[in-house]
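Student: Turn this into a model:
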Amino acid sequence: MARLSTFRFPFRFGRAAVLLLAGAYFLVPLACAVAFSIGAGVPGRSVSFDAYTGVIGADGFTDSLTLTLKLAAATIALVLGLLVPALVTVRLAAPGLRTLVEIVCLLPLVVPAVALVAGISAVLRWGPDHFAGTPIFHVLVALQDPNFPVVLVLAYTLMALPLAYRMLDTGLAAIDLRVLVEAARACRASWPRTLWQVVLPNLRGALLNTAFLTLALVLGEYTVAAILGYRPFAVWILAISGSQAQMSVAVSVMGLLFTWVLLLVIATAGRTRRPKETS
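Tutor: Residues are numbered from 1 along each chain as shown. Below you'll find the predicted structure:
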């Protein structure tokens, strides 16, 4: 008994030390950022929350955030619209193609963002010279609309594919997909109704996690948007960092806290409710 107590004590102490170090690793930089954003400890400046209260009225904040949220919504819809039917079909009808689909979805991991945007830029420059006066030219122009650059949605979709594939594939592996689909089809449910009312509810956690990861990617992505000349949220933060450093840090802190809160909400919503046991 004494040996067991001696074993538990260092284990608990070690676990507490790991949690303390992990907490310090995340919270100390955040505390320093908050202190800088309010002017605490900065020579010649008094503590002020103007960097936080003035965010809403800052020039370009609303436009950049609105654009980013629209891009995120479109990217999430495109990622889920492509992957969910594809993965369900592969698991049910063509399991031999699973390796090929996995390779295609994971391929963006080996392509740096700079190389990806370099290829996109080359195509966008090359297209108008060769397709002027054709419908393809108008498509290329529409893809680069500054109000809603579809080209960014396509780029973000490629970048989100690896994480989205892993998340959805894990979710599908956790359910008995074939039995669920056969039961729904036996009840004369159509394929769209089966997918909407049977498959998707059982993938709620995986869908929410995929949406969260995609949203986080779009909110924080800078390289592609900056090189292509657009100004979503991440590019706007860096653009104001030279003239309004405190505000840029304040916006980053607010974005980080918002991401944490959203993660907690998704984690709570993704839990499967267990039916209450009846005596």
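Student: drop to CA atoms for contacts and neighbour counts, all remaining ones
Tutor: Will do.
Student: Mind checking what secondary structure the most centrally placed residue in the chain has?
Tutor: Nearest to the mean C-alpha position of the chain, counting by CA atoms, centre = their mean, stands Thr214 at 2.2 Å. Of the three states, Thr214 takes helix according to DSSP: H, G, I helix; E, B strand; the rest coil.
Student: what's near enough to touch it?
Tutor: 72, 75-76, 160, 164 (CA atoms under 8 Å, 6 or more residues apart in numbering).
Student: let's see it at 10 Å
Tutor: 72-73, 75-76, 79, 156-157, 159-161, 163-164, 208 (CA atoms under 10 Å, 6 or more residues apart in numbering).
Student: and what of Ser252?
Tutor: Residues near Ser252 by CA under 10 Å, 6+ apart: 30, 33-34, 37, 220, 234, 237-238, 246, 258.
Student: Which pLDDT does the model give it?
Tutor: Looking at Ser252, its pLDDT reads 87.
Student: what about it, which SS state?
Tutor: Classification of Ser252 using three-state DSSP returns helix.
Student: Quick check: it vs Ile38, distance?
Tutor: Spatial separation of Ser252 from Ile38 under the definition CA to CA, to the nearest Å is 13 Å.
Student: got any residues that touch both of those two?
Tutor: Between them, Ser252 and Ile38 share the neighbouring residues Gln246, with contact defined by CA under 10 Å, 6+ apart.
Student: which residues touch the strand or helix carrying Glu102?
Tutor: Applying DSSP states H and E as the criterion places Glu102 in helix 98-106. The contact list for helix 98-106 (CA under 10 Å, 6+ apart) reads 83, 86-87, 89-91, 107, 158-166, 169.
Student: which stretches of this protein have low pLDDT?
Tutor: Applying pLDDT under 70 to the chain flags residues 1-13, 41-45, 270-279.
Student: One more pass at 80, please.
Tutor: Applying pLDDT under 80 to the chain picks out residues 1-15, 39-48, 127-133, 242-243, 263, 266-279.
Student: returning to what we had before: the helix holding Glu102: what's the following helix or strand?
Tutor: helix 113-130.
Student: Counting neighbours, show which residues of that following helix come out buried.
Tutor: Of the residues in helix 113-130, those buried by neighbour count under the rule 16 or more other CA atoms under 10 Å are 113, 116-117, 120, 124, 127-128.
Student: now swap in stretch 75-91 and tell me
Tutor: By neighbour count, and taking 16+ other CA under 10 Å as the criterion, the buried residues in stretch 75-91 are 75-76, 79-80, 83-84, 87-88, 90-91.
Student: what number of residues lie near Leu168?
Tutor: Applying the criterion other CA atoms under 10 Å, we find 24 residues in the vicinity of Leu168.
Student: how close does it get to Ser64?
Tutor: On the measure of CA to CA, Leu168 and Ser64 end up 30 Å apart.
Student: what do you get for Ala22?
Tutor: The gap separating Ala22 from Ser64 is 33 Å, by CA to CA.
Student: again with Ile120
Tutor: Counting by CA to CA, the gap between Ile120 and Ser64 amounts to 22 Å.
Student: any idea how far Val153 lies from Thr223?
Tutor: When distance is defined by CA to CA, Val153 is 14 Å away from Thr223.
Student: nearest residue to Phe148 other than its sequence neighbours?
Tutor: For Phe148, the nearest residue in space outside its immediate sequence neighbours is Leu67; the separation is 7.0 Å by CA to CA, 6 or more residues apart in numbering.
Student: show me the contacts for the one you found.
Tutor: Counting by CA under 10 Å, 6+ apart, Leu67 makes contact with 61, 73, 146-149, 230-233.
Student: re the thing from before, mind giving me a markdown table with the buried residues of helix 113-130 and columns for distance to Gly14?
Tutor: A markdown table is the format used below for the buried residues of helix 113-130 (distance: CA to CA, whole Å):
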| residue | distance to Gly14 |
| --- | --- |
| Ala113 | 39 |
| Leu116 | 44 |
| Val117 | 45 |
| Ile120 | 50 |
| Leu124 | 55 |
| Gly127 | 60 |
| Pro128 | 62 |
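Student: Great, nothing more from me.
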